[in-house]
Structures are given as structure tokens and as C-alpha cells.
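Asks: Sequence below, structure please.
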Amino acid sequence: AAKEAVEPVTTLVENCYAGFVNEHSWYEEVITWVEAADQEKQIMKLVHDEMAQFYDVVSEKEFREIQQKYPNSRLVLYKIFEKLADLNKNRDAVTKEMKNLSETNPEEFLNKAIDCHLRVSTSSQKHKKKCRLCEVHDIIEIYENTLFHFVKGEIKGSKGPNRASVTSDERKELEKAGVFLYDEQK
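Replies: This is a model prediction of the structure:
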């Protein structure tokens, strides 16, 4: 039932995404036009100013560093390609994992989720294997960080949810949901 509810939105998103995938992207056309119209200096001044504002550059030295790091529009184009490739790779990973999650045997999924979230053992949590839900959650967080957090340096995946922070009321709700799903399987 859940899959039927989500399917129309999934189709809509996939159709929208397909509309963005063209032989030539808008940013390629802009760079090509900039070179043909001999507008390189103007566009790079605009790019450098925008980057300086984004990174809160306050000194002339920091501004020169940006100018040295991104000296021309082709390098900016390369960085755009690089970022979009990373976004697409992470988006594909999320899509694949969500599909796999929806096709997982519910009883097996539920048992592993209960072990992961409700059975807090006294042994070290570091060596405990994550359930599929936690693994998918981590992949989604990596994608979100890539999508919404444009910073210098490499984006690393999070360590996952803090299972110890689940309140007793939340545990009871999870247990009820687990019992309900298990009863539905029989």
C-alpha cells in the first residue's frame, strides 16, 4: 500500500529529472557564449564576487586566493561538472538503496531493525552491525550534505543515528509497530 501511495510522486520526480538531462547543459552554453562574446573577464568578476560573498571573504588576500583557484570559466565549468557528477552519483545510490529497502523481506527487515534500535546491549555499540534502515539513512544524509552544503573540502558520511537517544515512549511505539507488522505477516 505504501508503494502505491509513493509511486505517482516517484514517477513525477523521475520525469522532472529526465527533463534536466540534455545533450548540452545551460552552464555549458553560458561558458561557450562567454568565450565567443569575449566576456570572460566580466563573467569571472561576477563569479569571484559571488564566491567571495558565499565564503564571507573579508580580506584582499582571501579574494586573490579565490581568483587563483578559479582563474577562468573553463575551470569553473569543470567544478560544476564535478559537483553535478557527485550529486548524481549520490542520488543514484539513494534511489538504488530505497528500491532495495522496499523489496526487502519485511520480517527480516523488522527483526534487524528491532535488534538495532530496541535491543540495546551492554557490549560496545561501535561493533554493532547497522540495520538496513540505518544504512539507507546514512546514504540519504550524505546525499543531503552534498546537495545542500556547498563547502570547501570533502563531505564525509555521518556516523548514523544515535540509537541511545530513543526515549522509552518511542521504544514502546516501535515495539507496537513491530508486533503489528509481525502479526500482519502471519
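Asks: Could you find the closest non-adjacent residue to residue 143?
Replies: residue 90 (4.1 Å; Cβ to Cβ, 6 or more residues apart in numbering). Bear in mind the C-beta positions are built from the backbone N, C-alpha and C, glycine included.
Asks: what's the distance between the one you found and residue 138?
Replies: 11 Å (Cβ to Cβ, to the nearest Å).
Asks: what does residue 15 give?
Replies: For residue 15 relative to residue 138 (Cβ to Cβ), the value is 28 Å.
Asks: repeat for residue 73
Replies: Taken as Cβ to Cβ, the span from residue 73 to residue 138 is 36 Å.
Asks: Nearest the middle, which residue of this structure would you pick?
Replies: Nearest residue to the geometric centre of the chain (Cα atoms, centre = their mean): residue 143, 0.9 Å.
Asks: in what helix or strand does that one lie?
Replies: Assigning secondary structure by DSSP states H and E places residue 143 in helix 132-148.
Asks: How far does that helix sit from its chain's centre?
Replies: Centroid separation for helix 132-148 versus its chain: 5 Å, with Cα atoms, centre = their mean, to the nearest Å.
Asks: Who are the packing partners of that helix?
Replies: helix 73-102, helix 106-117 (3 or more Cβ pairs under 8 Å, 6 or more residues apart in numbering; DSSP states H and E).
Asks: and the angle for the first one with helix 132-148?
Replies: Same thing as helix 73-102. Here the directions of helix 73-102 and helix 132-148 differ by 160 degrees (axes from the mean of the first three to the mean of the last three Cα atoms, to 10 degrees).
Asks: Then the shortest one?
Replies: In this structure, helix 106-117 runs at an angle of 80 degrees to helix 132-148, with the same axes, to 10 degrees as the basis.
Asks: quick one: average pLDDT of stretch 135-144?
Replies: Stretch 135-144 shows a mean pLDDT of 89 in the predicted model.
Asks: I meant stretch 84-96, not that one.
Replies: 88.
Asks: List the buried residues in that stretch.
Replies: 86, 90, 94-95 (16 or more other Cβ atoms under 10 Å).
Asks: For burial, what's the neighbour tally of the closest residue to residue 35 other than its chain neighbours?
Replies: In this structure, residue 35 finds its nearest non-sequential neighbour in residue 73, 6.9 Å apart by Cβ to Cβ, 6+ apart. Neighbour count of residue 73, defined by other Cβ atoms under 10 Å: 19.
Asks: circling back: could you dump the helix holding residue 143 to PDB, C-alpha only?
Replies: C-alpha atoms of helix 132-148 as PDB (Å, rounded to 0.1, in the frame of the first residue of the first chain):
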ATOM      1  CA  ARG A 132      19.200  -1.600   6.500                       C
ATOM      2  CA  LEU A 133      17.200   1.400   7.600                       C
ATOM      3  CA  CYS A 134      20.200   3.000   9.300                       C
ATOM      4  CA  GLU A 135      22.400   2.200   6.300                       C
ATOM      5  CA  VAL A 136      19.900   3.900   3.900                       C
ATOM      6  CA  HIS A 137      19.600   6.800   6.300                       C
ATOM      7  CA  ASP A 138      23.300   7.400   6.200                       C
ATOM      8  CA  ILE A 139      23.300   7.300   2.400                       C
ATOM      9  CA  ILE A 140      20.500   9.800   2.400                       C
ATOM     10  CA  GLU A 141      22.400  12.100   4.800                       C
ATOM     11  CA  ILE A 142      25.500  12.000   2.500                       C
ATOM     12  CA  TYR A 143      23.300  13.000  -0.400                       C
ATOM     13  CA  GLU A 144      21.600  15.800   1.500                       C
ATOM     14  CA  ASN A 145      25.000  17.100   2.600                       C
ATOM     15  CA  THR A 146      26.200  17.100  -1.000                       C
ATOM     16  CA  LEU A 147      23.000  18.700  -2.200                       C
ATOM     17  CA  PHE A 148      22.600  21.400   0.400                       C
END
